[in-house]
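Asks: The following comprises the amino acid sequence and a computationally predicted model.
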Amino acid sequence: MPVSKNALIRYKTIDNCLRNHYRKWTLNDLIDACSDALSEFEGRDESLSRRTVQADIQMMRSDKLGYNAPIVVKENKYYTYADPDYSITNVPLTEQDTAMMADAVSVLKQLSGFSAFAGMEDIIGRLEDRVSAVKHEKKPVIYFEKNDALVGLHHIPALYDAITRQRPVSIIYHSFKNPVPQEFTFSPYVLREFRNRWFVFGRRRAGKDVFNLALDRILSISPAPAGVKFIPMDRYNPETWFDDAVGVTKDRTMKPKSVRIWANAKEAPYIRTKPFHKSQMVVEADQDGNTVFQINVILNQELEREILSFGEGIKVLAPKELVESIGKRIKAAAKLYE
């Protein structure tokens with residue numbers, strides 16, 4: 001059963017008190033101790049009721065949380081543990097706990113082959129041993145899409161370390177558009193995955209726009225030369241930067257636009273259940289199931305690729321520039337089949 005943070009603080013406080021056998025604990029003493037603990041952890045400066053702490057003691061005595069704490073009352077007023085070695089921190093995992101951990105280990109095992117989590121193999125192995133000791137191993141039922149042939153994933157640990165330590169790096173990068181690789185210093189801010197491809201966002205120079213580098217085009221990463229300083233994020237907020245974008249392509253000059261898309265009865269249900277973007281809404285739907293959707297996003301190549309993936313099942317209605325761009329790409333593709 002779910003337990004609130006405050007309740008857990010009270011249980012731990014009562015446990016610490018009852019483990020201290022060098023003093024006697026009345027109910028009022030336990031109330032004061034729990035009130036002090038909540039004041040310290042939560043900033044709450046109020047006294048708990050007798051009923052609350054009495055209910056906590058009853059909960060600890062029960063098996064609802066798996067504690068079964070041997071709390072007894074001596075001399076009709078002093079609370080203590082009948083077993084002097086008991087503590088709620090020593091309680092073994094319940095069957096439900098073990099089942100949940102087994103499921104978590106199954107999911108974690110899929111990340112263990114990912115180079116960014118290279119240090120997890122030992123941790124996952126120890127968890128798996130602990131869980132399998134009390135529960136028969138079962139086959140995983142959750143699988144993530146992964147492609148072991150993806151290029152550039154081995155760069156993630158170095159970039160992750162540079163981001164968390166706020167240290168610039170020296171990168172040799174070979175863009176698809178340039179015939180020769182380029183070397184430059186880079187201040188990385190955040191890693192982002194889109195459609196099984198990884199990107200790092202950051203700046204080359206102070207005052208310039210944030211841009212992304214595809215990890216599969218990075219040839220090497222090394223520490224930046226001595227004296228090169230990390231460029232702070234400033235106004236760049238990775239938590240909101242992509243709010244108006246599909247994918248990863250964006251700069252400050254791009255402004256979101258109202259995009260309207262017609263979908264036939266076959267494709268509309270898929271778009272309803274897996275929206276193009278979180279801003280998606282239905283603006284029109286007929287009796288046959290044909291639907292017009294609207295999203296407010298910037299226009300980029302990822303959006304166009306998403307639209308094109310539905311083939312003849314959808315049509316862009318607005319804005320005009322997106323209609324023209326999609327039309328040109330469809331006509332160019334059609335010529336390949338003539």
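Replies: Arrived safely.

Asks: Following the lowest-mean-pLDDT helix or strand in the chain in sequence, what is the next regular element?
Replies: Within the chain, confidence by mean pLDDT, DSSP states H and E is lowest for helix 120-132 among all helices and strands, at a mean of 56. Per DSSP states H and E, the first helix or strand lying C-terminal to helix 120-132 is helix 156-165.

Asks: mind checking how far residue 276 is from residue 241?
Replies: Distance, residue 276 to residue 241, by C-beta to C-beta, to the nearest Å: 18 Å. The C-beta positions use only the backbone N, C-alpha and C, and glycine is treated the same way.

Asks: cool, and residue 21?
Replies: Taken as C-beta to C-beta, the span from residue 21 to residue 241 is 56 Å.

Asks: out of these two, which sits in the busier spot?
Replies: residue 241 (17 against 10; other C-beta atoms under 10 Å).

Asks: hang on, that one packs against residue 210?
Replies: Yes - using C-beta atoms under 8 Å, residue 241 makes contact with residue 210 at a distance of 7.4 Å.

Asks: okay, and the common contacts of those two?
Replies: residue 201 (C-beta atoms under 8 Å, 6 or more residues apart in numbering).

Asks: What segments of the stretch 201-338 of the chain are strands?
Replies: Remark: strands assigned in the stretch 201-338 of the chain by DSSP state E, counting those that start in this stretch are 211-214, 218-223, 257-263, 281-285, 291-297, 314-318.

Asks: Make TSV out of the ones you listed and add distance to residue 87, mean neighbour count and mean pLDDT.
Replies: Output for the strands of the stretch 201-338 of the chain, formatted as TSV (distance: least, C-beta to C-beta, whole Å; neighbours: other C-beta atoms under 10 Å; pLDDT from 0 to 100):
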stretch	distance to residue 87	mean neighbour count	mean pLDDT
strand 211-214	50	18	93
strand 218-223	47	16	95
strand 257-263	59	19	97
strand 281-285	54	12	95
strand 291-297	54	20	97
strand 314-318	61	18	96
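
Asks: Kindly report the domain assignment for this protein.
Replies: 5-90, 153-223, 257-335 (automatic domain parsing).

Asks: Identify whichever of those lies nearest to residue 251.
Replies: Among the domains of the chain, the nearest to residue 251 by C-beta to C-beta is domain 153-223 (5.1 Å).

Asks: In contact with residue 30, which residues?
Replies: 13, 14, 17, 53, 57, 79.

Asks: correct me, but residue 168 touches residue 230?
Replies: Yes - with contact taken as C-beta under 8 Å, residue 168 and residue 230 are classed as touching, separated by 5.0 Å.

Asks: all helices for this structure, in order.
Replies: 5-19, 27-42, 50-61, 95-111, 120-132, 156-165, 268-273, 301-308, 320-335 (DSSP state H).

Asks: can I get those helices in CSV with distance to residue 200?
Replies: Output for the helices of the chain, formatted as CSV (distance: least, C-beta to C-beta, whole Å):
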stretch, distance to residue 200
helix 5-19, 35
helix 27-42, 37
helix 50-61, 48
helix 95-111, 19
helix 120-132, 21
helix 156-165, 5
helix 268-273, 30
helix 301-308, 17
helix 320-335, 27
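
Asks: Those helices: which one's closest to residue 75?
Replies: helix 27-42 (12.7 Å).

Asks: How far off centre is the closest one?
Replies: With C-alpha atoms, centre = their mean, to the nearest Å as the basis, helix 27-42 stands 34 Å off its chain's centre.

Asks: Show me what counts as buried in that helix.
Replies: 30, 31, 33, 34, 35, 37, 38 (16 or more other C-beta atoms under 10 Å).

Asks: Distance-wise, check the last one relative to residue 13.
Replies: Put plainly, it is residue 38. Distance from residue 38 to residue 13, by C-beta to C-beta: 8 Å.

Asks: Also the fifth one?
Replies: If you measure residue 35 against residue 13 using C-beta to C-beta, the figure is 9 Å.

Asks: Can you list the low-confidence ranges for the stretch 1-150 of the chain?
Replies: 1-3, 43-44, 46, 91-148 (pLDDT under 70).

Asks: Could you rerun that using 50?
Replies: Low-confidence segments of the stretch 1-150 of the chain (pLDDT under 50): 112-113, 115-116.

Asks: hang on, residue 56 packs against residue 6?
Replies: No - look at residue 56 against residue 6 with C-beta under 8 Å: they stay out of range, at 10.2 Å.
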